[in-house]
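Asks: I need the structure of the sequence given here:
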Amino acid sequence: MVAARCANCEIHVFAAYPPSLDDVPKLLEQNHDVIIIDLDSDPEYALDLVENIGAKGAATVMVYSAKPTLTCWCVACAPARGSF
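Replies: A predicted model of the protein is given here:
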């Protein structure tokens, strides 16, 4: 992982999404600069997380997917959701 080679970087990996959107403020209390969200596990909830985190403006949010069609779907949905 390239980020692991970053000097003076603190990296946290979470094995799962927060259980609910109500848990997002607790996540943001950790003052992450960047939050990268996996789209593949649950695309709808992942977009809800992007929207929720982005609305708070506390961190830069990035998404990734191993499925190119899923990424295109998310970009197509973004204007309706106010994300991306």
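
Asks: show the contacting residues for the closest residue to Ala58 other than its chain neighbours.
Replies: Spatial nearest neighbour of Ala58, excluding adjacent residues (C-beta to C-beta, 6 or more residues apart in numbering): Leu28 at 4.4 Å. Bear in mind the C-beta positions are built from the backbone N, C-alpha and C, glycine included. By C-beta atoms under 8 Å, 6 or more residues apart in numbering, the residues touching Leu28 are 53, 56, 58-59.

Asks: out of those, who's nearest His12?
Replies: Nearest to His12 among the contacts of Leu28 is Ala59, at 11.9 Å by C-beta to C-beta.

Asks: contacts only, for the residue nearest to the spatial centre of the chain.
Replies: In the chain, the residue lying closest to the centroid (C-alpha atoms, centre = their mean) is Ile37, at 3.1 Å. Going by C-beta under 8 Å, 6+ apart, Ile37 touches 17, 46, 49-50, 61-64.

Asks: quick one: strands adjacent to the host helix or strand of it?
Replies: Take DSSP states H and E as the rule and Ile37 turns out to sit in strand 34-38. When sheet partners are counted by DSSP bridges, strand 34-38 sits next to strand 60-64 (parallel).

Asks: just the buried residues of the partner strand, please?
Replies: Neighbour counts over strand 60-64 (16 or more other C-beta atoms under 10 Å) mark 61, 63 as buried.

Asks: give me the residues contacting that strand.
Replies: With contacts defined as C-beta under 8 Å, 6+ apart, strand 60-64 is touched by 33-39, 46, 49-50, 53-54, 71, 74.

Asks: show me the contacts for Ala59.
Replies: Ala59 touches 28, 32-35, 53, counting by C-beta under 8 Å, 6+ apart.
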